[in-house]
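In: here is a sequence together with a model predicted from it:
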Amino acid sequence: MMSDTYLAVFVGSKTSAKMAAWNALPETERKAKEKAGIAAWKAWVEKHQAALVEMGGPLGKTKRVGSGGIADISNEIGAFTVVRAESHQAAARMFENHPHFAIFPGEAVEIMPVLPIPAG
């Protein structure tokens, strides 16, 4: 099944070297990078506005539910966005050099198709 809708998941580790370096920045330098990052993110949104299905946003603490019950867990998923594109590759290209990892200490953006639920 083909899809033109893609889920972009922003990932990063709170314990990565990149995050440690970010946290070690002097406050004034970190604030300046945050300001530049927010401006770059807004510019990315503006550039891709027509493709945005759901802006999404940051995600909070995670609970995992399985046969063993409910547990608090930690993972590397920090935020999400839903976009439309002509192909999986085209959706991925939208996130090249994204501020999440080009400016902020995020690791990557993972993009996957949202598949339609089969009828019947």
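Out: Now that the structure is in, tell me what you want to look at. Residues are numbered from 1 along each chain as shown.

In: three-state assignment of residue 70?
Out: strand (DSSP: H, G, I helix; E, B strand; the rest coil).

In: surely it and residue 64 touch.
Out: Yes - contact criterion CB atoms under 8 Å: residue 70 and residue 64 qualify, at 7.3 Å. In short, each C-beta sits where N, CA and C put it, glycine included.

In: so those two - more neighbours on which side?
Out: residue 64 (12 against 9; other CB atoms under 10 Å).

In: that's a strand at the more buried one, yeah?
Out: Yes - counting by three-state DSSP, residue 64 is found in a strand.

In: which non-adjacent residue is nearest it?
Out: Leaving aside its sequence neighbours, residue 64 sits nearest to residue 73 (CB to CB, 6 or more residues apart in numbering; 4.6 Å).

In: beta-bridge partners for that neighbour, please?
Out: For residue 73, the beta-bridge partners are residue 62 (DSSP bridges).

In: give the pairing partners of the host helix or strand of residue 54; include direction for each.
Out: Using DSSP states H and E, the element containing residue 54 is strand 52-58. Sheet pairing here is set by DSSP bridges, and for strand 52-58 it gives strand 77-84 (antiparallel).

In: give me the mean pLDDT for the strand it pairs with.
Out: Averaging pLDDT along strand 77-84 gives 96.

In: quick one: contacts of whichever helix or strand comes after that strand?
Out: With elements assigned by DSSP H and E, the helix or strand that comes after strand 77-84 is helix 88-93. With CB atoms under 8 Å, 6 or more residues apart in numbering as the test, helix 88-93 has contacts from 6, 8, 83, 85, 111, 113.

In: format those residues as JSON lines; extra columns: neighbour count and distance to residue 39.
Out: Listed next are these as JSON lines, based on neighbours: other CB atoms under 10 Å; distance: CB to CB, whole Å:
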{"residue": "6", "neighbour count": "23", "distance to residue 39": "25"}
{"residue": "8", "neighbour count": "21", "distance to residue 39": "20"}
{"residue": "83", "neighbour count": "23", "distance to residue 39": "21"}
{"residue": "85", "neighbour count": "19", "distance to residue 39": "24"}
{"residue": "111", "neighbour count": "20", "distance to residue 39": "23"}
{"residue": "113", "neighbour count": "16", "distance to residue 39": "30"}
